[in-house]
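>>> got a sequence here, can you build the structure:
(chains A and B)
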Amino acid sequence: MTHVLEPLLHDLAERFRFLDEEISKMQVPPEAESCRQRIHRLVSIGKNRIDSVLADPDIGRPEFAKNFYHTYKRLCELAQAVDEGPLFCAESVSGRGSFPD
Amino acid sequence: MSEISALSHEYEASARLAEELNEAILTIKKSRLHQRIGLTEDQRKILAGTVAALRQQLEAGQGGAQSEFLPQEMVERLSERHRPRMAYFLDDLSRTVSVLGNDLVPLDDSIIGVLDEICDAADETASAVFRRMRRR
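Below you'll find the model as predicted:
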């Protein structure tokens, strides 16, 4: 059974794959490298978590919907924090950001 | 501590608690559905400890000592929600602690209901604090 959360989870998984790729190829000064690695680890954990939720055979069960929704919310917050924090700063500094100076 | 540090600390505590409770509830629900082993004895004891700390804090009210791992905002949410029937909620929490502490007693719907309610409060707190952090 397809659950209403599934498209949202697939969308978030795609977002995590994008973040994972961007952060893995991010060039930072040596003093910021440990920070980049820490954020990359967090993103990898998030990516694996969302993949495991999508692979869960109980994902379509209504009695689990609220719990999977909670998981989705925490992962969304992580993605947003990474997107608007380190990734936004790095892209602005490197001139790849979407906003003009 | 700066405001953003305090918010960050509050977010971390409520998000971690919400995740831990959510994972425990998922494990319990799955064990009941698929007739398989649920929480370990240690996991039940840890969960019982969390619920006992919450009960103690709710009973003590605002003047009481605050637990380090229970976000104050979450406790206040539950306190506000259950103000008209606090004695009954404290009883529910006591029963939950007692059942979780005894590995031989199965976890029934009422226990899951109580855990779900605490989890909801932790989840709402994490979301609210996250929104406040983004506005800073």
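>>> quick one, helices of chain A?
Secondary structure of chain A, counting by DSSP state H: helices at A:5-24, A:33-54, A:62-82, A:88-94.
>>> distance between stretch B:34-53 and the chain's centre?
Here stretch B:34-53 is found 12 Å from its chain centre; the criterion is Cα atoms, centre = their mean, to the nearest Å.
>>> and that stretch, what's buried?
By neighbour count on 16 or more other Cβ atoms under 10 Å in any protein chain shown, the buried set for stretch B:34-53 is B:G38, B:L39, B:Q43, B:R44, B:L47, B:A48, B:T50, B:V51, B:A52, B:A53. Yep, even glycine has a C-beta here, placed from its N, CA and C like the rest.
>>> which strand or helix spans the closest residue to the third one other than its chain neighbours?
Meaning B:Q43. Nearest residue to B:Q43 in three dimensions, chain neighbours excluded: B:A24, at 6.6 Å (Cβ to Cβ, 6 or more residues apart in numbering or on different chains). For B:A24, the element it lies in under DSSP states H and E is helix B:3-34.
>>> and that helix, how far out from the chain middle?
Put simply, helix B:3-34 sits 8 Å off its chain's centre (Cα atoms, centre = their mean).
>>> from the contact counts, what lies against it?
With contacts defined as 3 or more Cβ pairs under 8 Å, 6 or more residues apart in numbering or on different chains; DSSP states H and E, helix B:3-34 has these neighbours: helix A:62-82, helix B:41-60, helix B:72-82, helix B:109-135.
>>> so it versus helix A:62-82, what angle?
Counting by axes from the mean of the first three to the mean of the last three Cα atoms, to 10 degrees, helix B:3-34 lies at 150 degrees to helix A:62-82.
>>> residues from chain B in reach of chain A?
Taking Cβ under 8 Å from any Cβ of the partner chain as the contact definition, chain B meets chain A at B:15, B:18-19, B:22, B:25-26, B:29-30, B:33, B:116, B:119, B:123, B:126-127, B:130, B:134.
>>> against A:Y69, how distant is the residue nearest to B:Q43?
16 Å (Cβ to Cβ, to the nearest Å).
>>> same thing with B:A53?
26 Å.
>>> check B:S14 too.
Separation of B:S14 from A:Y69 (Cβ to Cβ): 16 Å.
>>> out of these two, which sits in the busier spot?
More crowded of B:S14 and A:Y69, by other Cβ atoms under 10 Å in any protein chain shown: B:S14, with 26 against 16.
>>> the more buried one contacts B:D120, correct?
No. Counting by Cβ atoms under 8 Å, B:S14 sits too far from B:D120 to count as a contact (11.7 Å).
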